[in-house]
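*Asks:* I'd like to go over a predicted model; first the sequence, then the structure.
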Amino acid sequence: MTALVIRRVIRLVVVLAGVSLVTFAILQVSGDPVALMMPEAPESDRAVLRETMGFNEPLPVQFVKFLGSTARGDFGNSFFHRAPAMPLVLERMPTTLLLTSLALLIAVVVAVPVGIYSAVRRGSLVDQTATLAVFLGQSMPVFWTGIMLILLFAVQWRLLPVSGWDSWAALVLPAITLGTFSAPLFLRIVRSSMLEVIGLDYVRTARAKGVSEWFVICRHALVNAALPLVTVIGLQFGLLLGGAIVTETVFAVPGVGRLIVGAIRQLDFPIVQAAVFLFASIIVLVNFTVDLLYLYLNPQIRVR
Amino acid sequence: MKRWFLPIVLLAVLLATVAQSGAQPKDTLVVALVSHAPVLDPHFHFERVGILVNINMFDSLLHKNTKLEYEPSLATSWKPLSDTQWEFKLRRGVKFHNGETMTAEDVKYSFERVLDQKKKSPQFGNIRAIKEVRIVSPDTIHIVTDKPFPLLLERLVFFPIVPKKHVEAVGDQAFGLSAPVGTGPWKFVEWKKDQLIRLEAFDQHWRGKPAFTHLVIRAIPEIATQIAELKTGGVDLIRNVSADLVPELKAHPQTYVSSAPILRTHYVHLDMRTEPFNKKLVRQAANYAIDREAIVQKMMAGLGRVVPTVVHPAAFGYDPSVTAYPFDPKKAKELLARAGYPNGVDITLHSAFVEFRPVFEAIGQMLTEVGIRTTTKMWDPGPAWNKFFQTEGKATHGYYGSWGYYSVFDAEAILHPLYHTEPGGWVGRHYIRVEGLDALIDQGKSTVDQAARKRTYSQILRLLKEEAPSVYLFHQFDTLGISKKVEYAARGDEWLWLFDGKPKR
């Protein structure tokens, strides 16, 4: 058990090192960073900047230095904001995390009961509607869902504000938009894994004992069907952060996603690097947590 | 079914109440911009979205009225004393938002903080020609330039004056983020980053109090969202409404549009380094091949005007005697044949001007029809495009784009950044090989004698017509979408001078 956790921690560190390498590479693949920073400056000015930024040193040396400053959370100053990049990203992080958590919550709250019901009453009207909804939900790009929801709920029916982030009502549409992005996958997972376990012997045994159907589903079937769902939630979290970039832009939410979009347009590499590193680290940590959760949920893995 | 009915009705009522509370009171004007500038300090950014906010909080020495003529602002009069020296008389008794009175010291300090290279103001280049600001008397200053600086007055229309004592007391950083103070019609209240900037009317403003007591500038990146906000009363004014959205806003009962011709000029620059555009006849053929009027009428809903040459008709240096190439596909084919391409030629054009993709494709099609068979390659604006085009100059055989003059109504503000081969001219650095052009551009800015400058620019425009390094297309209109509760009109310099805004009864 302890050995397993240690192995996972080592893997975490290796992945994070890989993430730093990718982050470092972002700047390198975009060509000569100095030329991008000062496109109109004479070569003499560029040489000075190259020197002060350390771009004249060999790449491995630059990478080691980059690792050092990354470990301290120092990604340099944003060119656009003229302030350290990481704090700019961090101060917008709570907004993005709130949005993604709400979306995840909505997705799970909708997907789990509907998924269970579809599995138990296979072929019923609810099941068929759910299948159609999954199909639709997966085919709709986030920005389109967002704009459609705005047109219906804000423009047509005037029930909710169009955009912004200064009231609870304003959170509803962005959270639903982003939730719609994940719910179909969760629903499908819950439905198929429920279908799988419902037919198994132990479920039949439980029924034969005479316990209520509700108890059979929740206590016996669902616990075993939940495992794949937990994995997928972990994986989906990364996708949700990606989806948040689009959602934040559509709904004018003041989060990290909008900061990234702006930074890419302005070639503001420190911000992009800090945000990519932070997002990647969060995804890695979430998956690490999921791994640990597995050990807790599934005794078989502990034994192996 | 009945069990569900009541809760749903209750929820709907609740939501409707919440949404209603978002409607704005009458003395508030809400403007949507795509983003905010990094700071509210008017001297430490050079972003359009920031300038539009700053001008409503800070005054400059000069102002432009809706006809774009100079008007006194913090300076009441001005005159050149020589080629390199100007005199400005300052308005007396002007109050800053913190109650202090503006003095010549504040004016001098404002220039010095931009000219101080240690502070790295992105506006340094705009006024680098200024050598010294001299206080002659409490209400007179002299600006001394190191060489003739014909753009001085244009630059002073956006050159906000800040209070020396206050800035030094709070420091540059706090001044830009939490404590901006100017002499303008509105004063600072609050800034929620990436959300809104809240301003309040300044009672002691020297022009009088503005019509709207509260001014809110929201940051909404997506135009579709801005339109939805405008229709539902969440915002009162949006910018950059594209031609395809104009009919929708015209038809809506609560909105109207207002358009004004602006400086942004569209063109195709031809790569004179390589075949086939190294031949003058082919460049001229390209000019004859394009039906500019059809593009403006059919693809831009008439919200544009064909330009005969590179200098905008509203800018200093325009010469009406230099006419546009007419649309003449027969002549284009003939020139192409004479240049040695009787069977046509294949080229690629590049662009990152995604909003105008249809125009770009129409240009490609029109060129193809005369035998210049064109592949149009659309890029995402971003690092890859910048590297390919700006830093490496690989965009053969040409490029479709536009230039907005940074709202400076002078030929120099387009000729130098486009065609000069020295730093500053990024098209010139790669594409343009016109003998004598650099020298003429330098000559145009070497004096403040406007008559002499005009002659130089006429000469340049005739040279550019003959050599045809580019195809000049049209200039754009800026279209605002405005709530019917607000009275305001678009300006030719794209400024949002909201002091002119009024509530409609």
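*Replies:* Nice, thanks for sending it over. Residues are numbered from 1 along each chain as shown, chains lettered A, B, ... in the order given.
*Asks:* ok and the residue in chain A nearest chain B?
*Replies:* A:P254 (3.5 Å; Cβ to the nearest Cβ). C-beta: built from backbone N, CA, C; applies to glycine.
*Asks:* please enumerate the helices of the stretch 1-150 of chain A.
*Replies:* For the stretch 1-150 of chain A, applying DSSP state H, counting those that start in this stretch gives helices covering A:2-29, A:33-37, A:43-53, A:59-71, A:85-120, A:125-139, A:142-149.
*Asks:* residue ranges with poor pLDDT in chain B?
*Replies:* Within chain B, the ranges that satisfy pLDDT under 70 run B:1-25, B:382-383, B:423-426.
*Asks:* and it, split by domain according to the record?
*Replies:* Per automatic domain parsing, the structural domains of chain B span B:24-40+B:172-260+B:479-503, B:58-163, B:261-477.
*Asks:* same list, those domains, but as CSV with distance to chain A and mean neighbour count please.
*Replies:* CSV is the format used below for the domains of chain B (distance: least, Cβ to the nearest Cβ, whole Å; neighbours: other Cβ atoms under 10 Å in any protein chain shown):
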stretch, distance to chain A, mean neighbour count
domain B:24-40+B:172-260+B:479-503, 4, 20
domain B:58-163, 8, 17
domain B:261-477, 4, 19
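*Asks:* format these as TSV; extra columns: distance to A:W165.
*Replies:* As requested, these are exported to TSV (distance: least, Cβ to Cβ, whole Å):
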stretch	distance to A:W165
domain B:24-40+B:172-260+B:479-503	6
domain B:58-163	28
domain B:261-477	26
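*Asks:* circling back to that earlier point, least confident of the helices of the stretch 1-150 of chain A, on average?
*Replies:* Averaged per stretch, pLDDT over these is lowest on helix A:33-37, reaching a mean of 65.
*Asks:* can you pull the domain assignment for chain A?
*Replies:* A:2-71, A:90-303.
*Asks:* which of those domains sits most buried?
*Replies:* domain A:90-303 (a mean of 19; mean count of other Cβ atoms under 10 Å in any protein chain shown).
*Asks:* show me the contacts for the residue of chain A closest to chain B.
*Replies:* Residues counted as contacts of A:P254 (Cβ atoms under 8 Å, 6 or more residues apart in numbering or on different chains) are A:R92, A:T95, A:W165, A:E248, B:K192, B:K193, B:D194, B:Q195, B:A219.
*Asks:* A:P299: which of those is nearest?
*Replies:* Of all the contacts of A:P254, A:T95 has the smallest distance to A:P299: 39.0 Å, by Cβ to Cβ.
*Asks:* with adjacent residues omitted, what lies nearest to that closest one?
*Replies:* Nearest residue to A:T95, sequence neighbours excluded (Cβ to Cβ, 6 or more residues apart in numbering or on different chains): A:G255, at 4.0 Å.
*Asks:* for B:A243, find the nearest of the domains of chain A.
*Replies:* With Cβ to Cβ, the closest approach to B:A243 among these belongs to domain A:90-303: 19.7 Å.
*Asks:* coming back round to it: what's the closest non-adjacent residue to the residue of chain A closest to chain B?
*Replies:* B:D194 (3.5 Å).
*Asks:* thought B:L230 was touching B:V241?
*Replies:* No - using Cβ atoms under 8 Å as the test, B:L230 is too far from B:V241 to be in contact (9.1 Å).
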